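In: let's see this in three dimensions:
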Amino acid sequence: MTCDSPRGPDTKTVSGGVSASGATVGVAASRRLGREFGKLWTASSTSAIGDGISLTAAPLIASTLTDDPRLIAGVTMALTLPYALFGIPAGVLADRVDLRRSMARIDFFRGTMVLVFALSVAFDWASLGVMYGCFFLIGTCETFFRNASQILVPSVVAEEQLVDANGRLLGAQTAANQFVGPLVGSALFVLAPAVPFGLDAVTFFVSAVLLTRLRTTTPHDHVTPAKRPGLLADMTTGARWLMRHRLLRNLSLTAGAINLVYTGSLAVLVVYAHKVLGLGDLGYGVLLACQAIGAVAAAKLSPLLVRRIGGEWTLVCVVTTMAVGDAVIWQTSTVWVVGCALALGACASITWDVVVVVLRQTVIPKPLQGRVNSIYRLFAWGAMPVGAGLAGVVSKGLGATAVYGLGAAVMAVVAVRLVLGARRHWFADAQAQQS
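Out: Take a look at the predicted model:
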């Protein structure tokens with residue numbers, strides 16, 4: 001769950017993607033988003049397919065090395081721990097460097113790392129320690145890459161197209177990551193455990209080449225080294241801005257609670273699939289792929305939902321849907337019902353991202369995007385490794401099913417809190433602060 005600038009007091013785009021003049025994003029949606037957005041979309045989608053392949057195969061390999069759910073969840077912890085450790089420095093760097101070139105270099109490095117891991121699997125050198133180290137490095141790269149990619153979107157599309165662009169980008173990423181990737185990853189894992197990771201390395205290299213050819217319409221603003229304040233001062237600037245913005249501050253804490261639950265549920269899904277549902281490796285991949293149905297639906301439904309009921313109530317619906325999905329998984333062991341619940345959860349997750357990412361892209365001043373987003377993600381993403389670790393402990397002591405019951409309870413509490421915020425017109429307050 002992340003997954004970010006006002007143009008001044010006269011900015012037209014407001015939270016949720018509806019313009020102040022009453023025009024909706026439907027007009028923007030009818031326009032072509034452009035060749036450069038197409039390059040960014042293709043690079044992102046290609047890389048997401050590779051991620052889905054590896055993130056499906058990694059728990060499967062871990063489950064062959066140990067049956068302890070805490071150690072299996074450790075793979076997710078290793079991947080997400082850098083979000084908490086390096087989120088702030090990554091945001092500061094995003095405001096200092098050429099985003100396009102840096103993202104390309106990161107993908108070249110990640111491709112090399114995954115290729116090395118694929119060779120270790122092929123030659124039986126792989127162990128839990130090797131997996132943890134490899135995924136920690138990949139997660140460190142991802143911490144910067146995600147921050148940079150969201151900042152880059154407004155540089156390749158017009159402001160009034162942000163809802164549609166982010167919807168398409170996030171929907172495609174999730175479909176690739178959670179549908180194509182899991183199906184291919186689980187099938188290739190059955191063929192040979194090293195093959196999924198080799199293919200993932202190729203997707204990173206393809207993404208890097210596409211990014212080197214990307215041209216932005218608005219150059220990223222840089223401050224020369226002589227004028228740039230120190231690292232600590234930059235961090236303080238971002239933190240001070242976020243703490244003063246009540247809506248984004250509250251949303252960052254809410255996103256942290258959501259990620260705590262969502263990451264935990266995915267961290268032990270392989271254990272749940274094997275031990276509760278009785279599925280094999282390929283069945284686990286198909287179960288993951290069910291999420292893509294919801295993701296594709298969210299790319300189309302989220303702009304319509306925002307226009308119909310507004311940004312605040314859309315987020316209320318999102319969290320309520322997540323609570324219902326976890327409750328269903330907690331109470332049933334019917335495979336197709338669990339698949340439907342996972343699809344609902346993915347639909348809700350993408351809808352949250354579309355609404356909140358667009359809000360951040362239009363509210364946070366462009367020169368502060370990286371720094372403010374890094375503080376936001378410290379709260380939002382920092383909860384991910386905690387959720388994975390807690391899920392492993394709960395699964396070990398109470399069983400994997402209990403993870404989803406506790407998740408439903410937490411989401412219910414978050415939903416109540418969002419209802420109170422929606423009644424106070426949080427998004428209207430954000431517009432007032434912006435002007």
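
In: now the helix or strand hosting L282: mean pLDDT?
Out: Element membership for L282 (DSSP states H and E) is helix 281-331. The pLDDT scores in helix 281-331 average 83.

In: just stretch 40-50 next, same as before
Out: pLDDT averaged over stretch 40-50 gives 81.

In: so what touches it?
Out: 33, 107, 114, 149, 152-153, 156, 168-169, 172-174, 176-177, 180-181, 184, 199-204, 206-208, 210-211, 214 (CB atoms under 8 Å, 6 or more residues apart in numbering). (Each C-beta comes from the backbone N, C-alpha and C, glycine too.)

In: likewise for stretch 115-135?
Out: Counting by CB under 8 Å, 6+ apart, 58, 61-62, 65-66, 71, 74-75, 78-79, 113-114, 192-195, 197-198, 200-201 sit against stretch 115-135.

In: repeat that with 6 Å
Out: The contact list for stretch 115-135 (CB atoms under 6 Å, 6 or more residues apart in numbering) reads 65, 75, 78-79, 193-194, 197-198, 201.

In: closest to C347 among the residues you listed?
Out: Using CB to CB, L79 is the member of the contacts of stretch 115-135 that sits closest to C347, with 23.2 Å.

In: next one: the helix or strand hosting that closest one to chain centre, how far?
Out: Using DSSP H and E, L79 falls within helix 69-94. Centre-to-centre, helix 69-94 and its host chain are 12 Å apart (CA atoms, centre = their mean, to the nearest Å).

In: got phi/psi on S127?
Out: Main-chain dihedrals, S127, degrees, to the nearest 10: phi -150, psi 170.

In: tell me which two of the contacts of stretch 115-135 sit farthest apart.
Out: Largest separation among those by CB to CB: L65 and A201, giving 21.3 Å.

In: one step back: could I get the buried residue list for the helix holding L79?
Out: 69-88, 90-94 (16 or more other CB atoms under 10 Å).

In: for that helix, what is the average pLDDT?
Out: 80.

In: output the contacting helices and strands for it.
Out: helix 35-65, helix 128-152, helix 231-244, helix 369-380, helix 383-398 (3 or more CB pairs under 6 Å, 6 or more residues apart in numbering; DSSP states H and E).

In: list the contacts of the helix or strand hosting L253.
Out: Assessed by DSSP H and E, L253 sits inside helix 246-267. Outside helix 246-267, the residues that touch it by CB under 6 Å, 6+ apart are 1, 73, 76, 242-243, 356, 376, 379-380, 383-384, 387-388, 390-391, 403, 407, 410-411, 414, 426, 429-430.

In: show residues contacting the helix or strand following it.
Out: Downstream of helix 246-267, the first helix or strand assigned by DSSP H and E is helix 269-275. Residues external to helix 269-275 that are found in contact with it (CB under 6 Å, 6+ apart): 59, 63, 69, 279, 284, 287, 395, 400.

In: convert the C-alpha atoms of helix 269-275 to CSV, please.
Out: The C-alpha trace of helix 269-275 is given here as CSV (Å, rounded to 0.1, in the frame of the first residue of the first chain):
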residue,chain,number,x,y,z
LEU,A,269,-0.5,-16.7,2.7
VAL,A,270,1.7,-19.5,1.4
VAL,A,271,1.3,-21.2,4.9
TYR,A,272,-2.5,-20.7,4.8
ALA,A,273,-2.7,-22.0,1.2
HIS,A,274,-0.7,-25.2,2.0
LYS,A,275,-2.0,-26.1,5.4
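
In: where in the stretch 301-435 of the chain is pLDDT low?
Out: 421-435 (pLDDT under 70).

In: before we move on, the earlier item: buried sites along the helix holding L253?
Out: Buried-residue list, helix 246-267, by 16+ other CB under 10 Å: 247-249, 251-267.

In: state the mean pLDDT of it.
Out: 88.

In: equivalent analysis for stretch 111-127, please.
Out: Stretch 111-127 comes out at a mean pLDDT of 89.

In: name the residues of it that are buried.
Out: For stretch 111-127, by 16+ other CB under 10 Å, it's 111, 113-115, 117-118, 120-121, 126.

In: which of the residues you listed fall in helices?
Out: Applying DSSP state H to the buried residues of stretch 111-127, the entries found in helices are 111, 113-115, 117-118, 120-121.

In: now for A73: which residues touch it?
Out: 267-268, 388, 391-392.

In: for the residues you listed, give me JSON lines that also has distance to Q331.
Out: Converted to JSON lines, the contacts of A73 look like this (distance: CB to CB, whole Å):
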{"residue": "A267", "distance to Q331": "20"}
{"residue": "V268", "distance to Q331": "17"}
{"residue": "A388", "distance to Q331": "23"}
{"residue": "A391", "distance to Q331": "18"}
{"residue": "G392", "distance to Q331": "22"}
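
In: of L65 and A201, which one has the most company?
Out: The neighbour comparison of L65 against A201 (other CB atoms under 10 Å) goes to A201, with 21 against 13.

In: quick one: the strand or helix carrying that one to chain centroid distance?
Out: Here A201 sits within helix 195-212, counting by DSSP H and E. Computed by CA atoms, centre = their mean, the chain-centroid distance of helix 195-212 equals 19 Å.

In: could you dump the helices and strands packed on helix 69-94 into a markdown table with distance to P303 added?
Out: Formatted as a markdown table, these follow (distance: least, CB to CB, whole Å):
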| stretch | distance to P303 |
| --- | --- |
| helix 35-65 | 16 |
| helix 128-152 | 17 |
| helix 231-244 | 26 |
| helix 369-380 | 22 |
| helix 383-398 | 27 |
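
In: circling back to that earlier point, of all the contacts of helix 269-275, which comes closest to W330?
Out: A400 (10.1 Å).

In: quick one: the closest one and A289, what's the gap?
Out: 19 Å (CB to CB, to the nearest Å).

In: give me the buried subset of the contacts of helix 246-267.
Out: The neighbour-count test (16+ other CB under 10 Å) marks 1, 73, 76, 242, 356, 376, 379-380, 383-384, 387-388, 390-391, 403, 407, 410-411, 414, 426, 430 as buried among these.
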